[in-house]
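Asks: Model the following, please.
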Amino acid sequence: MTNGNPYAFHVRPDMRQGLASELPLPTRLVSNEEFPPLPQTAAQRRVEDHILAEAARLAPRLGLSRRDFLRTSGGMATSLLAMNAVFGRFFDVLPVEAAEPSAFRERKGDAFFIFDLQLHYVGAGYDPNNDEAARRGVTKMALLGLRRNSRRLNPKLAADQGTLADLAWSNMVKEVFFDSETDIGLISTPPGPYPQEAVVPPKEMTHIRNEINRVTQSRRMLAHGLIAPQLGQADLDFMSEQAAVLKVDAWKGYTGAAPKGFDRGWFVDDEKIAYPMLERARKLGVKRICLHKGLPLGPVADYNHPRDVIKAARDFPDLDFLLYHAGLLTVPRTAAADVPWTTEFCQMKKKEPALTNIYMELGSTFGQLATTNPTACAHLLGQVIDAFGADHVLWGTDSIWYGTPQWQIEAFRRFEIPPALIDAHGYKPLTRQVKEQIFGLNAARVFSVDVRAKRNEIPKDYLTRMKMTYLDEGPAPSHRFYGWTA
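Replies: Model prediction:
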């Protein structure tokens, strides 16, 4: 653990602090410090080298620099082709798409409705230099860890020094709504010593939601409220305030986190601690319970295991339990079908076929697995769809830590479960219909969102007034990843 922070792991001095590169997608794990990132694997390094070599070969033919080429659809196609070359064919992409933008557009197909259930930024009032603030779920080192050490990729980026402005809500809006196809997002936050003192307190989350929806005159953003049931009556009272005054859209809980004065987490099936909170959620009419499950956070890893959700979901059939990170323990090192924690939980769910109120969310999980171990990614997707149904899997990206969500959108749009795995394990193919459900239709149903409603764009001058720089002449994706890399 980091001193003073019961949630974070110890950050080594030699950890790379953030990453900016020419690459359209990360070739190493990125962490917001809720979990320790693994070092770059040999396979990821080969992917990286392959992308840069192919970009250097193709860019001159198109009259572009390598860096500019990698910002085009050809750069994304080249990246997915490199993944196939190293890991085997997991992405439906053809070589012609790297050189022909029209081919990329044609094979991309019609747009999806995309509802991202996990968006992050750092609150305006957060002071990483304040010792008390540094206990709010992410350490000072993580928030200031934005220097982009990418000399090997591009020496010109060596002087690129990150600031907290990179993690502000305005940059999150730019990365999510300007530079990706995301239609609707749900603001989340790491935990804090108390819910009112989180990295982004509920009052700010709902204020940003209201501002964005006001300026667009449409529903583009939703916001979490926070729960910490160890606090007892104080938590119940704050839940009532959040529902009545802030009109929160869902509850976010970290079962591994310990509020100030407590030394451990909680289980959602604890009838003494958690059930009063669930009963209050039911009474308040905010019946979406979003739980951090997997990616162990806090002093005791076991509190993050999803097994406790089964009994709670059985006892509260009118509440929806949304399991963030799909219960994934960590990125598997092998191609085995046993995905730590998630496989076990899927087996538990299959023994409870009558349960229909548990949903598996893919934030961080898809991004990590797809770029590190696509075989494990295929197993996880195949298993959660088999156990919970394609209509109970939800899209999330954990951005802004991963930069713009667009690379994850492109990767999932093209991701396939290989036929050999389908034949061996009985997985269902990732058809367009399945992806439509996961990308947004499932979340729209859970959050009562009208998919056909018009959603107006966020005007660029609105962010300009908020001192946010943006290029008016077309998209300018940053290719920045704002979390930690090993």
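Asks: In the chain, what helix or strand scores lowest on average pLDDT?
Replies: helix 140-144 (a mean of 37; mean pLDDT, DSSP states H and E).
Asks: Relative to the whole chain's centre, how far out is the helix or strand that that helix is followed by?
Replies: Once the chain leaves helix 140-144, the next helix or strand it forms, by DSSP states H and E, is helix 169-173. With CA atoms, centre = their mean, to the nearest Å as the basis, helix 169-173 stands 15 Å off its chain's centre.
Asks: From the chain's centroid, how far away is the top strand by length along the chain?
Replies: Longest strand in the chain by number of residues (criterion: DSSP state E): strand 221-227. Chain-centre distance of strand 221-227: 15 Å, with CA atoms, centre = their mean.
Asks: Repeat that for stretch 224-240.
Replies: Distance of stretch 224-240 from its chain centroid, counting by CA atoms, centre = their mean, is 24 Å.
Asks: got the contact list for that stretch?
Replies: 186-189, 191, 194-196, 198, 201-202, 205-206, 242-243, 246, 248-253, 257-259, 262, 266, 270, 273-274, 276-277, 280-281, 284, 286, 289-290 (CB atoms under 8 Å, 6 or more residues apart in numbering). Yep, even glycine has a C-beta here, placed from its N, CA and C like the rest.
Asks: same thing with stretch 269-286?
Replies: Contacts of stretch 269-286 (CB under 8 Å, 6+ apart): 225, 227, 229-230, 232, 235-236, 239-240, 243-244, 248-251, 253, 266-268, 287, 289, 308-312, 315-316, 318-319.
Asks: and it, what's its mean pLDDT?
Replies: Mean pLDDT, computed over stretch 269-286, is 98.
Asks: Check which residues of that stretch are buried.
Replies: For stretch 269-286, burial by neighbour count (16 or more other CB atoms under 10 Å) applies to D269, D270, I273, A274, Y275, P276, M277, L278, R280, A281, L284, V286.
Asks: end-to-end on that stretch?
Replies: 19 Å (CA to CA, to the nearest Å).
Asks: before we move on, the earlier item: could you pick out the buried ones from the contacts of stretch 224-240?
Replies: The neighbour count (16+ other CB under 10 Å) marks 186-189, 191, 194-195, 198, 201-202, 205-206, 242-243, 246, 248-253, 257-259, 266, 270, 273-274, 276-277, 280-281, 284, 286, 289-290 as buried among these.
Asks: re earlier: among the buried residues of stretch 269-286, which ones are in helices?
Replies: Y275, P276, M277, L278, R280, A281, L284 (DSSP state H).
Asks: how about those residues, which pair is most distant?
Replies: Largest separation among those by CB to CB: Y275 and L284, giving 14.7 Å.
Asks: on that earlier part again, given the longest strand of the chain, what are its sheet partners and their directions?
Replies: Strand 221-227 pairs in its sheet with strand 184-187 (parallel), strand 250-254 (parallel), by DSSP bridges.
Asks: ok, residues contacting the longest one?
Replies: Translated: strand 250-254. 7, 137, 186, 188-191, 222, 224-229, 239, 265, 268, 277, 281, 286, 288-292, 297-298, 322, 447.
Asks: Which of the strands paired with strand 221-227 sits closest to L64?
Replies: Between L64 and the strands paired with strand 221-227, the tightest spacing by CB to CB is seen for strand 184-187, at 31.5 Å.
Asks: Does Y359 belong to a helix, a strand or coil?
Replies: Each residue gets one of three states, and Y359 gets strand by DSSP: H, G, I helix; E, B strand; the rest coil.
Asks: what residue lies at the spatial centre of this protein?
Replies: Nearest residue to the geometric centre of the chain (CA atoms, centre = their mean): D398, 2.0 Å.
Asks: Now do the same contact list for that one.
Replies: Contacts for D398 were tallied using CB under 8 Å, 6+ apart; they are N32, Q118, H120, G363, S364, G367.
Asks: if you set the cut-off to 10 Å instead, what comes out?
Replies: Going by CB atoms under 10 Å, 6 or more residues apart in numbering, D398 touches 30-32, 34, 116-120, 188, 295, 324-325, 361-368, 405, 408, 483.
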